[in-house]
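J.: Here's my sequence, what's the structure:
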Amino acid sequence: MATEELLDFDAQNKDAYEALIVTIEAKEQAMSLLIAVCDDLNLREQIIAKYEAELQPHFRLYRITLARGEPSLYDALAQLVQNEEYLRQGGKAVITVTGSEQLYFLKLENERSEQEIFFGYLQWTREALREFPYPIILWVTNQMLVNLIKKAPDFWSWREGVFRFVSRKTITVSSQDIEPIRLALNESELSSINDDNPYFLPIEDLQQLIQQKEQQGKKDSSLATLYFSLGRIYSNRLERGEFQDYQKEIVLAIEYYRKAIELQKELGLERDLATSLNSQTYLYYAQGRYNEAEPLFQQALELRKRLLGENHPDVATSLNNLALLYKAQGRYAEAEPIYQQALELCKRLLGEDHPNLATSLSNLAKLYKAQERYSEAEPLFVQALELRKRLLGEDHPYSATSLNNLALLYYAQGRYAEAEPLYQQALELYKRLLGEDHPDVASSLNDLAELYRSQGRYSEAEPLYHKALEISDRVLGVNHPNTNIIRQNLAELRANMNPSNL
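T.: Residues are numbered from 1 along each chain as shown. Next up is the predicted model:
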């Protein structure tokens, strides 16, 4: 089988794909239920397109989507057969079924959830599926799979195979993100959530739950919590590389934080307001919207000082964020005392062994590096790296960031032989932990390419710049500051390679 074209497939996904193809070919003109599992809709579409192209010479390929109101697999198949003479004549076909990922898990004040209706249909109509002598590939998410096994056991027992495709990206809310939302749910909604299911519910369920509460006119603290929690979920997805669409989800995160801020102001929830302001503003910073970010960072800092006092870890966080903004704007003289104040607070309040201390050390070191104060920056970078490795582990995105920061320092000093292995190690960590389509991967590729360019290794640098630019264009957008930097670096490389064209 020609799986070599699927360059982003790891070994597990290649094995699953091969097994799926073999099973389809072995079950032609026989009813066979094939369960394909994938949480990444983009990856799913690539896989479907791949197997349809591979099977095209031997089968006629069909796709159907489950109806939201009446999600009956049998009805969807029967309607397809009714409309297709080829199927009624017994032609060789493969039918792909999608849409289960759109079905709500929460009941949302209905007697049954859309997923429960779907599982009920699967149980009731299992025998009738014999009418369809074709391989039927039903695509589900991991969240759907867990519930399908429990709630449609008869249907499940008929499966010919389960084919799991793994991806960091997902459309479900993880167990680590659900806890703050529990406080905003009622008993009926909580009863829908199963503690032993790590794939708790589709993210769209939370959007629908919020919309329902908005329509009911319930402007209370639980709605504010839902707004903030969904904003935080989207933020976490961006940081962990779980997003389906980076630009869309950063906009959604900002929007839900904005709604939380408005309601928290209305309800006088000042402590929560400071947290929401800080979270929303950090996303403005990530987008390069520095002028919008500054007054909001300052507002969050003043709120926290007034509510919590000068000596509080949250105040240190706000100080760090404000200094981060000043540093990005080149306002080094303003950033330095704020960074130093944040660092002293972290040491005094959190102790010497805390991840936040590593962040403060790293931020101050980056400021020193920008000012070419290399001898002051290096021990701070090294200390931050050692802290993160010990507290978070070597396989953590923040540890990768510390490796990359130290490599940047060595590069700035011309210590290329020391920088290169650190860049490469950071890049491999980012790819493995965050996935190929992440802004940190683009930045890391750019940094390594810069090193190669400085050494005259142009043929090695060029593909890295192209890959970095392709990721940054698609994920961050063509006008993002990071994208512009990579584009400029690529232009400089071309000038280096073709000096006669200058």
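J.: all helices of the stretch 251-400 of the chain, in order?
T.: With helices called from DSSP state H, counting those that start in this stretch, the stretch 251-400 of the chain shows them at 270-286, 290-308, 313-328, 332-350, 355-370, 374-392, 397-412.
J.: Need those helices in TSV (columns: distance to Ile35).
T.: From N, CA and C alone the C-beta is placed, and that goes for glycine too. Listed next are these as TSV, based on distance: least, Cβ to Cβ, whole Å:
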stretch	distance to Ile35
helix 270-286	37
helix 290-308	46
helix 313-328	44
helix 332-350	47
helix 355-370	40
helix 374-392	36
helix 397-412	32
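J.: how about those helices, which one is nearest Gln208?
T.: helix 270-286 (21.7 Å; Cβ to Cβ).
J.: Going by neighbour count, which residues of the closest one are buried?
T.: Under the neighbour-count criterion of 16 or more other Cβ atoms under 10 Å, helix 270-286 has 272-286 buried.
J.: With stretch 60-70 instead?
T.: Buried, per 16+ other Cβ under 10 Å, within stretch 60-70: 62, 64, 66-67.
J.: cool, stretch 13-30 as well?
T.: Going by neighbour count (16+ other Cβ under 10 Å), the buried part of stretch 13-30 is 13, 16-17, 19-21, 23-24, 27-28.
J.: Between the residues you listed, which sits nearest Trp158?
T.: Using Cβ to Cβ, the buried residues of stretch 13-30 come closest to Trp158 at Lys27, 12.4 Å.
J.: if I look at the closest one, how far off is Glu344?
T.: 68 Å (Cβ to Cβ, to the nearest Å).
J.: so Leu322 sits right up against Pro337, yeah?
T.: No. If you go by Cβ atoms under 8 Å, Leu322 and Pro337 don't touch, sitting 11.1 Å apart.
J.: more neighbours, these two?
T.: Ranked by neighbour count (other Cβ atoms under 10 Å), Leu322 and Pro337 place Leu322 first, with 24 against 11.
J.: residues contacting that one?
T.: Leu322 is in contact with 294, 297-298, 301, 338, counting by Cβ atoms under 8 Å, 6 or more residues apart in numbering.
J.: Please repeat the previous calculation with a cut-off of 7 Å.
T.: Each residue near Leu322 by Cβ atoms under 7 Å, 6 or more residues apart in numbering is listed here: 297-298, 301, 338.
J.: now do Leu319
T.: 301, 338, 341-342.
J.: can you check Ser276 too?
T.: 228, 257, 260-261, 264.
J.: Read off the pLDDT value for it.
T.: pLDDT recorded at Ser276 is 96.
J.: And Gly241, by the same measure?
T.: Listed pLDDT for Gly241 reads 88.
J.: Adjust the sequence numbering to begin at 23 for everything that follows.
T.: Okay, using 23 as the starting number, the last item reads as Gly263.
J.: And the nearest residue to it once chain neighbours are set aside, how close does it get to Thr247?
T.: Excluding the flanking residues, the one nearest Gly263 by Cβ to Cβ, 6 or more residues apart in numbering is Leu456, at 3.4 Å. If you measure Leu456 against Thr247 using Cβ to Cβ, the figure is 28 Å.
J.: Surely Ala345 and Tyr354 touch.
T.: No. Contact between Ala345 and Tyr354 fails when scored by Cβ atoms under 7 Å: they sit 9.8 Å apart.
J.: Of the two, which one has the most company?
T.: Neighbours were counted for Ala345 and for Tyr354 using other Cβ under 10 Å; Ala345 has more, 27 against 16.
J.: quick one, which of the helices of the stretch 273-422 of the chain is nearest to Trp161?
T.: The nearest among the helices of the stretch 273-422 of the chain, by Cβ to Cβ, is helix 419-434 at 29.4 Å.
J.: Report how many residues lie close to Glu514.
T.: 13.
J.: Which member of the buried residues of helix 292-308 is positioned nearest Leu151?
T.: Distances from Leu151 to the buried residues of helix 292-308, taken as Cβ to Cβ, are shortest for Leu305 (46.7 Å).
J.: so that closest one makes contact with Ile272?
T.: Yes. Under the criterion of Cβ under 7 Å, Leu305 makes contact with Ile272 at 5.9 Å.
J.: anything in contact with each of these two?
T.: With Cβ under 7 Å, 6+ apart, Leu305 and Ile272 have no common neighbours.
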